[in-house]
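Asker: Provided below are the primary sequence and the corresponding predicted coordinates.
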Amino acid sequence: MSDHSLDPKDWDRYRAEAHDLLDHCIDLMRRADERPWQHVPDDIQDRYAIGPDGSRQADLMARIKNDVLPYHAGNTHPKYWGWVQGTGLATDVTAGMVAAVMNSNCGGRNHGANYMERAVIDWTCRKMGLPETAFGVFVTGTSQATLQAFAAARVKVMGPGVRAVGQGEARLTAYAAAGVHNATKKALEVLGVGSANLRLVPLIDGQMDLQKLRNMIEVDRADGATPFLIVGTAGSVDLGLFDDFHGLADIARETGLWLHIDGAFGAWTRIAEGAYRDLSDGIERADSIALDFHKWMYVGYDCGLCLVRDGAELRAAFTARPVYLDGKERGVASGEPWFCDYGVDLSRGNRAIKVWMALETLGEVAFSKAITRNCDLAKMMAAEVEARPEMGLARVPVSNVCVFTANASLPAEEQSALNVRIAVDLQESGEAVFSTTVVDGTEMLRAAIVNHRTTEAHIREAIAAVARLASD
């Protein structure tokens, strides 16, 4: 081997250190309940400073164990329910090893990782109830998936020329529920549609008011605008609520608009059991769906997916084959699809392997039961809250999100201050991680349970801790 190679000079030593590190990492995953979030040391930046050469390599494994692995984001812990952050799986470790050894660029060309990505996309399309024409592309997450789906919608309404010359004087308008995730606003801004052209539709019982939506579309058309997009929500940011997708699909069909579903986590109720599955009825009628595997399918970051009902419409928005990307009938440059034709990324890692290994190892039923259990645990948390007279629910959970206040008898401003203090105190003590959100003018504690490690005992302990801090 050439001395100029960057491969290890001592493969036996590398193997021994890698085996030791692997054992250590598996031990940490096995003891996830002992490892809550903690503050990083004040000198952490100095510890991570890059040296001019490899002189510190001798103690690198010790530094990883002492200075890197302890200061994780916390979301692997079973009492981490802040925001909507996934927990990761043991299969991610082995998937990461395989992905690193293969080092596949999934932008295109003919190699196995692209066929694996196609297999996971096909599986997901079936679970969402989309037709055989549907296709998609793995992306970083729902924010990128949203941008790419909106780009496809814009090309459909404006024609392929919009890619070259822009939308000119056309004023496109989009419609979403008040409180829609900020990814929708960002995507419209990046595309040049502008967030000022997003119409926020009032809610009725947590869903978009369908009659108001119709009226807004009519008013915009009469004013010379070009309505092009309706955005439905599967699992709202604050309360985990779901729009009426059949109602939205009916309006989209009547008006000729594109129906997109923000299904970041809520789309996965499609594989849940019982009434939870009913929450996403009608999602199969969407023109596009954005969703994450790294939330409610539990795999490691990052792993999102953009799905489009007619894959040709997604390809029309992004395909570009300069001569250096010309495909061939044979050899490395053969094979279809090339995923660079379906999104903004040319260089892409093998995100699909995490999903493929998880499903092949655990089976779809295991994920169905875990998602259902998370929803049941949110209802259990609500029952624990209701059992304490001083606390108050924002709303009975419909899915996996429970929002409540620690002391409903206080004025709104004092409730908000108390809830924020409790959230931070519990985070810093390592007892539990809630985030907060504002409901009807009061900042409340919010638990979004997408954690396969959470048990009934964790729920009881956390609510007891909230009650203890509220009474101090």
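Answerer: Everything's here; your move.
Asker: In space, what's closest to the residue most central in space within the chain - neighbours in sequence excluded?
Answerer: The central residue of the chain, meaning the one whose C-alpha is nearest the mean C-alpha position (CA atoms, centre = their mean), is residue 292 at 3.7 Å. Spatial nearest neighbour of residue 292, excluding adjacent residues (CB to CB, 6 or more residues apart in numbering): residue 304 at 4.7 Å. Heads up, the C-betas are built off the backbone N, CA and C, glycines and all.
Asker: got a list of what that neighbour touches?
Answerer: Residue 304 is in contact with 138-145, 290-294, counting by CB atoms under 8 Å, 6 or more residues apart in numbering.
Asker: in which helix or strand would I find residue 445?
Answerer: Per DSSP states H and E, residue 445 falls inside strand 442-448.
Asker: and the following helix or strand past that strand, what's its mean pLDDT?
Answerer: Scanning the chain past strand 442-448 towards its C-terminal end, the next helix or strand to appear is helix 456-471 (assignment: DSSP H and E). Across helix 456-471, the average pLDDT comes to 98.
Asker: Which residues belonging to helix 456-471 are considered buried?
Answerer: By neighbour count, with 16 or more other CB atoms under 10 Å as the criterion, the buried positions of helix 456-471 are 458-459, 462-463, 465-467, 469-470.
Asker: Repeat that for stretch 338-345.
Answerer: Of the residues in stretch 338-345, those scored as buried under the neighbour-count criterion (16+ other CB under 10 Å) are 338-343, 345.
Asker: Sort out for me which of the residues you listed are in strands.
Answerer: Helix and strand membership here follows DSSP state E; of the buried residues of stretch 338-345, not one is in strands.
Asker: With distance to residue 432 as added columns, please give those residues in CSV.
Answerer: Conversion of those to CSV gives the following (distance: CB to CB, whole Å):
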residue, distance to residue 432
338, 46
339, 40
340, 43
341, 45
342, 40
343, 37
345, 37
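Asker: I'd assumed residue 147 was in contact with residue 190.
Answerer: Yes. Residue 190 is in contact with residue 147 according to CB atoms under 8 Å; the separation is 5.9 Å.
Asker: Just the strands from the stretch 151-300 of the chain, written as ranges.
Answerer: Shown for the stretch 151-300 of the chain, the strands assigned by DSSP state E, counting those that start in this stretch span residues 172-177, 198-201, 203-204, 207-208, 226-233, 258-262, 288-292.
Asker: Residue 262 contacts residue 233, doesn't it?
Answerer: Yes. In this structure, residue 262 sits in contact with residue 233. The criterion is CB under 8 Å, and the distance is 5.2 Å.
Asker: overlap in contacts of these two?
Answerer: 180-181.
Asker: which one of the two has more residues nearby?
Answerer: When neighbours are counted by other CB atoms under 10 Å, residue 262 and residue 233 differ, and residue 262 comes out ahead with 30 against 26.
Asker: For the more buried one, give the beta-bridge partners.
Answerer: Taking DSSP bridges, one finds residue 233, residue 290 as the beta-bridge partners of residue 262.
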